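**Student:** model the structure of this input:
(one chain, ligands or ions: 1)
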Amino acid sequence: MTYSRISGTGRYLPEQVLTNFDLEKMVDTTDEWIRTRTGVERRHCVAPDQTTSDMCVEAAKLAMESAGIGPQDIDMVIVGTTSPDLIFPNVATLVQHRLGIPACIAFSLEAACTGFIYALTTADKFIKAGEVKRALVIGAECITKLIDWKDRNTCVLFGDGAGAVIVEASDEPGIIACHLGADGQYKDLLYYPYGASKGLAKAGTDEAAIMMSGKDVFKVAVSTLGNIASETLAAAGVAQEELDWLVPHQANIRIIQATAKRLNLPMEKVVLTVQDHGNTSAASVPLALDVAVRDGRIKRDQMILMEAFGGGFTWGSVLMRF
Ligand code: COA
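**Tutor:** Here you go, the predicted model:
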């Protein structure tokens, strides 16, 4: 049987760092409020002329280097993002061309903060079907360009970045189980009000910015993430004690703590980057994965559960041996 496994990881974070103390000067907030309610201490923000594909290219170079491969070895590119450079061509084609990857399957998909989990699951299916040998899978966002910087309810939460992985065919697992879900009945709890067919407006103005009912999102996120984590382990026949690491979507420390509690997992087994990155939407899981791989916490053959939740709502998880 063919499995897929992650053979390399990489990340890119923009140079500019915005701390909670910087935000105190911009909106009516405090470092203390942001830290205690969300866990965020700082976040990275793209420069005005920087795009999602710029970040993808840098993260992808490091992922290829760590997998010991070059652009010619890749036969599929998928980018999970809600903040593409352009409406078309899709970001994956821009990345494919800029990296010198030979013509191949290349597309972006939009599942808000679950974008990377959707993209990784899709790559896993292509590889298991024998159609693709090696995929570049990226989660990337310029989400700070979609924010109203006068709205304290949302502007303190988000940050930019890109995380990339190389996924390749393998005789041994690898990715063990993927679970995806979505329910559009929650569309009004977290959304961006403009788009190609609804009409375009200047991003980042108060009428065109992320809209969120924070409390309601919080409640559904906690119950959904707890359920999906336990369901994924049960479906794969893996006991909670076998898990080495949970790599969760980094939206809010309290959501992460609640998920870990539902799993009976000590926080020492949870990779946390929310304090340094904020919520980077589709980029958050691959960013956290790369951080823990490169600092030596995540090691080969360990059992890892990744999960995410985002606007839609969408949700998903991937259980794997690294
Ligand atoms: N600084 C200071 N006060 C703020 C603030 C800020 N940045 N943002 C909101 N407040 C105020 C509110 O106006 C409210 O004031 P009021 O009581 O006078 O009306 C008070 O703080 C409490 O707001 P509330 O919304 O009850 O806080 P909360 O404990 O629910 O925390 C969130 C707010 C947004 C941090 C929390 O709901 C959350 O994390 N939700 C999930 C968001 C998320 O994860 N989104 C992405 C999903 S992928």
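
**Student:** isn't residue 310 right up against residue 192?
**Tutor:** No: in terms of Cβ atoms under 8 Å, residue 310 does not count as a neighbour of residue 192; the distance is 11.7 Å. In short, each C-beta sits where N, CA and C put it, glycine included.

**Student:** now do the contacts for residue 94.
**Tutor:** Residues counted as contacts of residue 94 (Cβ atoms under 8 Å, 6 or more residues apart in numbering) are 53, 56, 85-86.

**Student:** mind showing which ranges of the stretch 101-250 of the chain have poor pLDDT?
**Tutor:** With pLDDT under 70 as the threshold, the stretch 101-250 of the chain has low-confidence stretches at 202-206.

**Student:** hmm, 80 instead?
**Tutor:** Within the stretch 101-250 of the chain, the ranges that satisfy pLDDT under 80 run 200-208.

**Student:** quick check: residues of it near the ligand?
**Tutor:** Applying the criterion Cβ under 6 Å from any ligand atom, the portion of the stretch 101-250 of the chain that neighbours the ligand consists of 113, 152-153, 156, 190, 212, 214-215, 217-218, 221.

**Student:** among these, name the ones in strands.
**Tutor:** Within these, residues falling in strands by DSSP state E are 190, 212.

**Student:** who's in contact with the residue of the stretch 151-300 of the chain found nearest the ligand?
**Tutor:** With Cβ to the nearest ligand atom as the measure, the residue in the stretch 151-300 of the chain that lies nearest the ligand is residue 214; the distance is 3.0 Å. Residue 214 is in contact with residue 153, counting by Cβ under 8 Å, 6+ apart.

**Student:** quick one, what contacts the residue nearest to residue 116 when sequence neighbours are not counted?
**Tutor:** On the basis of Cβ to Cβ, 6 or more residues apart in numbering, the spatially nearest residue to residue 116 that is not a chain neighbour turns out to be residue 139, at 3.0 Å. Neighbouring residues of residue 139 by Cβ under 8 Å, 6+ apart: 79-81, 115-116, 119, 162-163, 281-287.

**Student:** can you check residue 89 too?
**Tutor:** With contacts defined as Cβ under 8 Å, 6+ apart, residue 89 is in contact with no residue.

**Student:** after the helix or strand that contains residue 117, which helix or strand is next?
**Tutor:** Per DSSP states H and E, residue 117 falls inside helix 115-128. Downstream of helix 115-128, the next assigned helix or strand under DSSP H and E is strand 134-141.

**Student:** that next one vs helix 115-128, what angle?
**Tutor:** Interaxial angle, strand 134-141 versus helix 115-128 (axes from the mean of the first three to the mean of the last three Cα atoms, to 10 degrees): 170 degrees.

**Student:** going by neighbour count, which residues in stretch 301-310 are buried?
**Tutor:** Residues of stretch 301-310 classed as buried by neighbour count (16 or more other Cβ atoms under 10 Å): 303-310.

**Student:** just give me the longest helix of the chain.
**Tutor:** Looking across the chain with DSSP state H, the single longest helix is helix 214-236.

**Student:** what residues sit buried inside that one?
**Tutor:** Buried residues in helix 214-236, defined by neighbour count with 16+ other Cβ under 10 Å: 217-218, 220-222, 224-226, 228-230, 232-233, 236.

**Student:** stretch 172-179 now?
**Tutor:** Applying a neighbour-count criterion of 16+ other Cβ under 10 Å, one finds 174-179 buried in stretch 172-179.
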